[in-house]
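> Okay, sequence plus prediction incoming.
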Amino acid sequence: MLLAIDSSAGTSVAVVDRDYGVLASRSVLDPLRHAEVIGELLAEVLAESGADVSALSAVAVGLGPGPFTGLRVGIAAGRAFALAAGKPVVGVVSHDAIALAHYAGGGWGELLVTTDARRRELYWSHYAGLDELGVPRRVAGPAVAKPDAVPAGGRRIDATEVPAESLGLLAERLRASGRASTGLEPLYLRSPDVTLAAPKRVTG
């Protein structure tokens, strides 16, 4: 059983179990209120699932791609929770979770996942079904491009959220197969929207 958090689009939190599935999940689609809602969502899913923090095996966080400001909120929250609980953190590419939700729902074949990158651009990833362990086969991406430059790739899903329940179930599969990543490098794919101004020179 683990706690999953993603803030690459809206904010999504879930408690999942490899054997029993999704125990609780909450999402807020607003892409600008991550910091305001994530604490409440965490409290709600833990209460609804009845999960004791000590029973969690890990915390899974979505690594994006996503905008700098929103993405770092979920990663920071996951790190802080895991540190306090004494649990490991697993990093998962957020687009992989969207792909898993598609294939788990009966989808098949090639798939192109896109999410909003702002600045009139899209993040995209291309998939070719599931491997033998039920993990999406990502064959290209994540990358960022203007809408008319996004390549074709079978059925296209323009996602507005990343379901934490799928992210968590994917993390469970990766952990079971020994392929879980403890790397937590966010996939910004470009410079932050806000940059610090260079200090002014002071002359005497």
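Everything's here; your move.

> Centroid-nearest residue for the chain?
Here the mean C-alpha position of the chain is nearest to the C-alpha of residue 62 (CA atoms, centre = their mean), at a distance of 2.5 Å.

> so for stretch 128-136, what's the average pLDDT?
This predicted structure assigns stretch 128-136 an average pLDDT of 96.

> so how far is residue 149 from the residue nearest to the centre of the chain?
24 Å (CB to CB, to the nearest Å). To be clear about C-beta, it is placed using only N, CA and C from the backbone, and glycine gets the same treatment.

> And for residue 115?
Residue 115 sits 15 Å away from residue 149, going by CB to CB.

> do residue 24 as well
With CB to CB as the criterion, residue 24 and residue 149 are 39 Å apart.

> who's more crowded, the two?
Between residue 24 and residue 149, counted using other CB atoms under 10 Å, residue 24 has the larger neighbour count: 19 against 11.

> Ramachandran angles for that one?
Backbone dihedrals for residue 24, given as degrees, to the nearest 10, come out at phi -170, psi 150.

> Just list the residues touching it, thanks.
Under the criterion of CB atoms under 8 Å, 6 or more residues apart in numbering, the contact partners of residue 24 comprise 14-15, 44-46, 48-49, 51.

> Relative to residue 126, which of those residues is nearest.
Set against residue 126, the nearest of the contacts of residue 24 by CB to CB is residue 14 (25.6 Å).

> ok but the closest one is inside a strand, no?
Yes. With DSSP: H, G, I helix; E, B strand; the rest coil as the criterion, residue 14 is located in a strand.

> count of residues packed around it?
Residues lying near residue 14 (other CB under 10 Å) number 26.

> I'd assumed residue 161 was in contact with it.
No. Residue 14 is beyond contact range of residue 161, at 12.0 Å (criterion: CB atoms under 8 Å).

> give me the beta-bridge partners of residue 128?
Beta-bridge pairing for residue 128 (DSSP bridges): residue 110.

> That one and residue 150, how far apart?
Applying CB to CB, one obtains 17 Å for the distance of residue 128 from residue 150.

> Please say which of the two ends up with more neighbours.
Set side by side, residue 128 and residue 150 show more neighbours around residue 150, with 20 against 16, by other CB under 10 Å.

> wait, isn't the more buried one in contact with residue 124?
Yes. Counting by CB under 8 Å, residue 150 touches residue 124, with 4.9 Å between them.

> Overlap in contacts, the two.
Where contact means CB under 8 Å, 6+ apart, the residues bridging residue 150 and residue 124 through contact with each are 112, 114.

> in this protein, which spans are strands?
Remark: strands assigned in the chain by DSSP state E are 2-6, 11-17, 21-28, 58-62, 89-92, 110-118, 121-130, 136-145, 155-158.

> Format the ones you listed as JSON lines; extra columns: distance to residue 76.
What follows is these, written out as JSON lines (distance: least, CB to CB, whole Å):
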{"stretch": "strand 2-6", "distance to residue 76": "10"}
{"stretch": "strand 11-17", "distance to residue 76": "13"}
{"stretch": "strand 21-28", "distance to residue 76": "17"}
{"stretch": "strand 58-62", "distance to residue 76": "9"}
{"stretch": "strand 89-92", "distance to residue 76": "11"}
{"stretch": "strand 110-118", "distance to residue 76": "20"}
{"stretch": "strand 121-130", "distance to residue 76": "20"}
{"stretch": "strand 136-145", "distance to residue 76": "20"}
{"stretch": "strand 155-158", "distance to residue 76": "27"}
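
> If anything else comes up later, I'll come back, but that's it for now.
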